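Asker: okay, predicted coordinates and the sequence, questions at the end:
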Amino acid sequence: MATHGFDVIIVGARVAGAATAMLLARAGLRVLAVDRATFPSDTLSTHQIQVPGVARLNRWGLLDRLSAAGTPPTRRVRFDAGHIVLHGQFPPYDGVDALYSPRRTLLDSILIDAARAAGAEVREGFSVQELVWAQGRVAGIRGHQRGGRPTTETARLVVGADGKRSMVAATVAARRYRQRPASTLACYTYWSGVPTAGGELYQRPGRAAAAFPTNDDLTMIYVAAPLTEFETFRTDIEGHYLKTLDSCGDLGDRVREAKRAERFRTTPDLPNAFRVPYGPGWALAGDAGLVMDPITAQGIGNALCQAEMLAEAITAGLGGTRPLHAALAGYQRRRDAALGPMYDFTTDLAAFRPPRPADQQLLASLHGRQAEIDRFLGVFAGATPLKQYRSPRNALRLLGARGLAKIAAATLGQALRRSTAGR
């Protein structure tokens, strides 16, 4: 039987990779995690750890570290769709009722420190040049420390947690599915002196914006616009960004009286796809295996969810309680079932389609019903199951038979108008 230096090598040591390394090391496996970056260092991010992700950090004993570093919790949220404004808070989820929006310089370092404390080896500034193969299986990596000589490390399994442009996924030709075209651009920066009473979400025709408090008394403010406008947007990033905020209640005024703390981060590289997340000697986690538009800020929470599911599958597969292939196939099924509904919801929002009659009726029905507003806000935070919330039974409960009849009539009217216009 071949010997291996490690049980698992993880390529990429940010959220998905570091969390997977920590959980596997806590389970007693020999783990190596490598990353070309050194830490602390920044990266493009949605910032928000949605409520289920916060609950995972809490279970893992890491939430106190995030709080102790001065990361403010967000419990109250303003949802402003233009024609209706809702104020509420997230329903409790596994003992947690807040989301956090940490800087990645902080979050990634906390997770890496936790991985090391659990017994994982973490090599920063390590570039992977290629995967090592043996008998048709991935068997390790070949790479080098910054300025060092090439080295080869072997393992029973190699995990790609190296982002949406994953080298591991590309090398093993991991098949994409449920792929949808990129449809938005994202632009954000940090502001000092923007008064907020919690988180803020805005939906406008062809635009979305969000404002959430982060570390160092700063507010991260994000703007999304259709990808078709990227060439125009990039000619005057600040001007187009501020114009969007001017349409969001008094947010534009508050920002203009504040001070921008850092440069704008702007990107059109926002793909949407699932990848088959396992094969002979390899597995995928985080954006390497499932990536979606940041308009619903699910990336960090998804990475933590996948890390937990994958670590459970690997521990079972390498521990002998279940065949590894079957355990990893189960990981794919669990991942797709857990994250698929939010993926569909996210890509639908990112298309910037006009609101449907059902959506307008639903929002209108929430006015003055605080518990229902909180449940609605919980959808965005992952605390309210999306599939359950969008079910016909819930629509009937919220709107009643008369409300559903109005929606049906409005939908039919739209269809007839489209049909007439097409003649």
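Answerer: That came in fine, so what should we check first?
Asker: just the helices in the protein please.
Answerer: Counting by DSSP state H, the chain has helices at residues 15-26, 51-59, 63-68, 104-118, 167-171, 230-233, 237-246, 251-256, 299-319, 324-350, 357-365, 370-381, 386-389, 392-421.
Asker: relative to helix 299-319, how tilted is the fourth one?
Answerer: Here helix 104-118 runs at an angle of 20 degrees relative to helix 299-319 (axes from the mean of the first three to the mean of the last three Cα atoms, to 10 degrees).
Asker: which parts of helix 104-118 are buried?
Answerer: Neighbour counts using 16 or more other Cβ atoms under 10 Å place 104, 106-116, 118 of helix 104-118 among the buried residues. Quick note: C-beta positions are derived from backbone N, CA and C, even for glycine.
Asker: again, but for the third one
Answerer: Residues of helix 63-68 classed as buried: 63, 65-66 (neighbour count, 16+ other Cβ under 10 Å).
Asker: ok so, going back, and which of the buried residues of helix 104-118 is nearest to residue 241?
Answerer: Minimum distance to residue 241 across the buried residues of helix 104-118 is 20.7 Å, recorded for residue 104 (Cβ to Cβ).
Asker: got the contact list for the residue nearest to the closest one when sequence neighbours are not counted?
Answerer: Leaving aside its sequence neighbours, residue 104 sits nearest to residue 45 (Cβ to Cβ, 6 or more residues apart in numbering; 4.8 Å). Residue 45 makes contact with 104, 299-300, according to Cβ atoms under 8 Å, 6 or more residues apart in numbering.
Asker: in JSON lines: these, plus distance to residue 122 and pLDDT.
Answerer: Converted to JSON lines, the contacts of residue 45 look like this (distance: Cβ to Cβ, whole Å; pLDDT from 0 to 100):
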{"residue": "104", "distance to residue 122": "16", "pLDDT": "98"}
{"residue": "299", "distance to residue 122": "21", "pLDDT": "97"}
{"residue": "300", "distance to residue 122": "19", "pLDDT": "98"}
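Asker: let me have the residues you listed in JSON lines, extended by distance to residue 358.
Answerer: Listed next are the contacts of residue 45 as JSON lines, based on distance: Cβ to Cβ, whole Å:
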{"residue": "104", "distance to residue 358": "37"}
{"residue": "299", "distance to residue 358": "28"}
{"residue": "300", "distance to residue 358": "30"}
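Asker: tell me how many other residues surround residue 99.
Answerer: Here the number of neighbours of residue 99 (other Cβ atoms under 10 Å) works out to 27.
Asker: my guess is it meets residue 48, correct?
Answerer: Yes - with contact taken as Cβ atoms under 8 Å, residue 99 and residue 48 are classed as touching, separated by 5.6 Å.
Asker: for stretch 43-60, buried residues please.
Answerer: Going by neighbour count (16+ other Cβ under 10 Å), the buried part of stretch 43-60 is 45-57, 60.
Asker: so residue 140 versus residue 32, what's the distance?
Answerer: Plainly put, residue 140 is 10 Å away from residue 32 if you go by Cβ to Cβ, to the nearest Å.
Asker: so what's residue 92 up against?
Answerer: Taking Cβ under 8 Å, 6+ apart as the test, what residue 92 contacts is residue 383.
Asker: any idea of the pLDDT on the residue nearest to residue 104?
Answerer: The score at residue 45 is 96. That number is its pLDDT.
Asker: find the residues that touch each one of residue 140 and residue 32.
Answerer: Listed as contacting both residue 140 and residue 32 by Cβ under 8 Å, 6+ apart are 5, 9, 153, 155.
Asker: show me which pair in those is furthest apart.
Answerer: Between all members of these, the longest pairwise span (Cβ to Cβ) is found for 5 and 9 and amounts to 8.4 Å.
Asker: these two: who's more crowded?
Answerer: Taking neighbours as other Cβ under 10 Å, residue 5 and residue 9 compare with residue 9 leading, 31 against 14.
Asker: okay, and the beta partners of the more buried one?
Answerer: Using DSSP bridges, the bridge partners assigned to residue 9 are residue 32, residue 158.
Asker: backbone dihedrals for the closest residue to residue 237 other than its chain neighbours, please?
Answerer: The shortest distance from residue 237 to any residue other than its chain neighbours is 5.2 Å, reached at residue 264 (Cβ to Cβ, 6+ apart). Phi and psi for residue 264, reported as degrees, to the nearest 10, are phi -80, psi 140.
Asker: cheers, nothing more for now.
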